[in-house]
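Trainee: predicted model and sequence below, questions to follow.
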Amino acid sequence: MTSHDSTPLAATERPAAGSRRRWRGRLVHGLLLAVMLLAPLAAHLLGEVYYVNLASRVALVAMAAVGLNLAIGFGGMISFGHAAYFGLGGYVAGISAYHAFDGSLVMGLPGSDNMLLIWVAAIVLCGLLALVIGAISLRTSGVYFIMITLAFAQMAYYFANSWPDYGGEDGLPIYLRNTLPGVDTNDALSFFLLCFTGLVLSMALTSRLMRSRFGAALTMARLNETRLATAGISPFPIRLVAFVISAMITGLAGALYADLNGFVSPSMLSWHLSGELMVIVILGGVGRLYGPLAGAILFVMMETLLGGLTEYWTFFLGLVLLGVVLFAKQGVMGWLAGSERHE
Amino acid sequence: MSVTLLIEQIINGLQLGTMLFLMASGLTLVFGVMGLINLAHGSFYMVGAYVTALTTASTGSFLLGLTAGIMAAAAVGAIVELLVIRRLYGRSHLDQVLATFALILIFSEGTRWLFGSSPLWLSPPEALSGSVALPGGARYPVYRLVIIAVGVVVAAGLYLLIAHTRLGMRIRAGESDREMIGALGVNIRRLYTLVFALGAALAGLAGSLVGALQSVQVGMGEPVLILAFVVIVIGGIGSIKGALLGALLVGLVDTLGRVLLPALFGQFMPPSEAAGAGTALAAMLIYILMAVILAFKPKGLFAAHD
């Protein structure tokens, strides 16, 4: 599906205009990162733990959306089921902590409250799940792809809902936040810095990937599959690898998100969450490296501000979203940083 | 497993199937004719149920309520088409998914705003509140049988409409070549609004009928919507025949799976584990069915489009 055509710089454009636009882009990106990092630092100095945790939430939602953006924006694969990986990551953190807490075994292995082990497990399991789901789903395209990814996520949702061992529909609490050697994860600021690092690393990985030969092939798989095949590269494995990496990033964000909330439940797997992640990607601007960050900041701010004004805030979220889709196709980043597609 | 229970469950499955068909036929028509993927279809289901519940409560007549529910759903569908959907026809599926997701948020939250979170109650009409004897002696509610009958009548009516009327001819022409029927002088914009309102009316009918069985509440359309998507994907998007067969398949597999799987697992597992594993697998069953069908037939069973 080549739904969002890039807007190539017109050949007639004067070099100065292109350079000015690049600088404007860099400025906006720098500002976004600075706000993301400095706002919670300021909140910490003022003793406002609530806002530090809110910033952690923004960072993790943004990171999950960075994963989804790799699939949707850069790969042209409209996954309506990324909640599956977000939730699986969350359940890995929850289940591991649960078994570490009472000393029982899970599939012959002891649980662990070490975040490093949890992250590796979450990444590996999400990768494997995405490998299976992607291998089946990528045989289809268009609406069928949207629907089959949704169906797989619903499968995971109903499974978690009806499997009684880990709380079923009530969810699973994480009584003690998982630990990381050398870091006090219970300190809100330290935990935020962890999340922020995860976000920056996932963005750096995306940027690195998209600059590589792999990224060029993925872009061409999105724009013109036949042309890619003519160059002797089969689109399917390229897409599958991108899909798997995308799921791994979202899964890692999910593992951290469960630790942030001290709770994991089937709602992390629900189709509403898949929809919200898509909304964040779109609000920010599809296929832009900094889009998910801008989208997440905007989304969580609307949720907090509108949610403080009226309990019916999703009504207004719907109106804003409708407006963005109908009238502002480039998203917030297109509006702030100009129409350059990706950096 | 007694034969009586099995018969009862098969009828339940057929009832779910006919309701899914009412939802899925609208979705698949809209996709087939306009190429639009509409997540907000469940909202029309909800509108139908709410208007039916409110009208029935104030007039005391279920039939009047049902008529009002269907007409309200059709009207809301036409308004939404004129205001929003119309702008989405040429757009990417991603835009369509997001805009209609936004519509869900607006409808659900708007309804909660107007009517609150507590469910409304709607009971089946007095005349249909009895039950009949099934072979084997069990009693089965008449209302559920009437629902199946309504579904069958609507399916037949839809077939006649599409196969034997001028409007149906235009719908079929719209499915095979949009530009051409526009060039032949058919008012394509009005046709689109009509098809969309027709789909919304069918969803409203389904919501009104089911609302009398379950409670009428915000978000009631969403589980049905996702099932309806499974139906049209299995049947082949754009195909009414596929929607009918897919709906019956999904209705039966889902209903029977929930009864049979725990019993089946009980044959070789301790009962406590069998219940959990059986229920978990049954909840996933139709999604597994869909994945298997798409893995072998990526365009569904009766693909209308290439």
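Mentor: On my side now, so go ahead. Keep in mind that this is a model prediction, so the values were computed, not measured.
Trainee: when you work out contacts or count neighbours from here on, use the C-alpha atoms and nothing else.
Mentor: Fine.
Trainee: would you mark the buried spots in stretch A:197-217?
Mentor: Buried positions in stretch A:197-217, judged by neighbour count with 16 or more other Cα atoms under 10 Å in any protein chain shown: A:G198, A:L199, A:V200, A:S202, A:M203, A:T206, A:S207, A:L209, A:M210, A:F214, A:G215, A:A217.
Trainee: closest to A:A62 among those residues?
Mentor: Among the buried residues of stretch A:197-217, A:L199 lies closest to A:A62 (Cα to Cα), at 7.1 Å.
Trainee: look up how far B:G185 lies from the closest one.
Mentor: According to Cα to Cα, to the nearest Å, A:L199 and B:G185 sit 55 Å apart.
Trainee: CSV for the buried residues of stretch A:197-217, including distance to B:I147, pLDDT and secondary structure?
Mentor: Formatted as CSV, the buried residues of stretch A:197-217 follow (distance: Cα to Cα, whole Å; pLDDT from 0 to 100; DSSP: H, G, I helix; E, B strand; the rest coil):
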residue, distance to B:I147, pLDDT, secondary structure
A:G198, 53, 96, helix
A:L199, 52, 96, helix
A:V200, 55, 96, helix
A:S202, 52, 96, helix
A:M203, 53, 96, helix
A:T206, 53, 95, helix
A:S207, 56, 95, helix
A:L209, 55, 95, helix
A:M210, 54, 94, helix
A:F214, 55, 94, helix
A:G215, 54, 94, helix
A:A217, 53, 93, helix
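Trainee: so where do the helices sit in the chain?
Mentor: I'll assume chain A. A:15-45, A:49-69, A:83-102, A:115-137, A:143-162, A:188-211, A:213-223, A:225-230, A:235-261, A:271-284, A:291-309, A:313-327, A:331-337 (DSSP state H).
Trainee: hmm, I had chain B in mind actually
Mentor: B:3-34, B:41-59, B:62-83, B:93-115, B:142-164, B:166-176, B:178-183, B:188-211, B:221-235, B:240-266, B:271-296.
Trainee: shaky segments in the chain?
Mentor: The chain I'm using is chain A. Applying pLDDT under 70 to chain A picks out residues A:1-18, A:329-330, A:338-343.
Trainee: other chain: chain B
Mentor: B:1, B:303-306.
Trainee: ok, back up a step: now render the helices of chain B as JSON lines, adding distance to chain A.
Mentor: Shown next, in JSON lines, are the helices of chain B (distance: least, Cα to the nearest Cα, whole Å):
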{"stretch": "helix B:3-34", "distance to chain A": "10"}
{"stretch": "helix B:41-59", "distance to chain A": "14"}
{"stretch": "helix B:62-83", "distance to chain A": "11"}
{"stretch": "helix B:93-115", "distance to chain A": "4"}
{"stretch": "helix B:142-164", "distance to chain A": "24"}
{"stretch": "helix B:166-176", "distance to chain A": "16"}
{"stretch": "helix B:178-183", "distance to chain A": "19"}
{"stretch": "helix B:188-211", "distance to chain A": "19"}
{"stretch": "helix B:221-235", "distance to chain A": "7"}
{"stretch": "helix B:240-266", "distance to chain A": "12"}
{"stretch": "helix B:271-296", "distance to chain A": "5"}
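Trainee: out of those, nearest to A:F80?
Mentor: Using Cα to Cα, the nearest of the helices of chain B to A:F80 is helix B:93-115, at 9.2 Å.
Trainee: quick one: work out the angle between the closest one and helix B:62-83.
Mentor: Interaxial angle, helix B:93-115 versus helix B:62-83 (axes from the mean of the first three to the mean of the last three Cα atoms, to 10 degrees): 130 degrees.
Trainee: next up, the contacts around the nearest residue to B:A99 once chain neighbours are set aside.
Mentor: Distance criterion Cα to Cα, 6 or more residues apart in numbering or on different chains; nearest residue to B:A99, sequence neighbours excluded, is A:L322 at 5.2 Å. For A:L322, the contact set (Cα atoms under 8 Å, 6 or more residues apart in numbering or on different chains) comprises B:L98, B:A99, B:A102, B:L103.
Trainee: ok, the second one - how many residues close by?
Mentor: So the one you mean is B:A99. 27 (other Cα atoms under 10 Å in any protein chain shown).
Trainee: OK, contacts around it?
Mentor: B:A99 neighbours (Cα under 8 Å, 6+ apart): A:L321, A:L322, A:V325, A:L326.
Trainee: filter the contacts of A:L322 down to the buried ones.
Mentor: B:L98, B:A99, B:A102, B:L103.
Trainee: look up how far A:G308 lies from the second one.
Mentor: Going back to what we said before, that points to B:A99. 25 Å.
Trainee: do B:V253 as well
Mentor: Taken as Cα to Cα, the span from B:V253 to A:G308 is 44 Å.
Trainee: neighbour count: these two, which is higher?
Mentor: B:V253 (19 against 11).
Trainee: the more buried one: what's it in contact with?
Mentor: B:G13, B:L285, B:I286.
Trainee: the contacts of A:L322: which two are farthest apart?
Mentor: So, the contacts of A:L322 by Cα to Cα: farthest apart are B:L98 and B:L103, at 8.6 Å.
Trainee: can you select the buried ones from the contacts of B:V253 in ChimeraX?
Mentor: In ChimeraX, a selection of the buried entries from those looks like this (16+ other Cα under 10 Å):
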select /B:13,285,286
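Trainee: turn the contacts of B:V253 into CSV, including distance to B:G236.
Mentor: CSV is the format used below for the contacts of B:V253 (distance: Cα to Cα, whole Å):
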residue, distance to B:G236
B:G13, 21
B:L285, 19
B:I286, 15
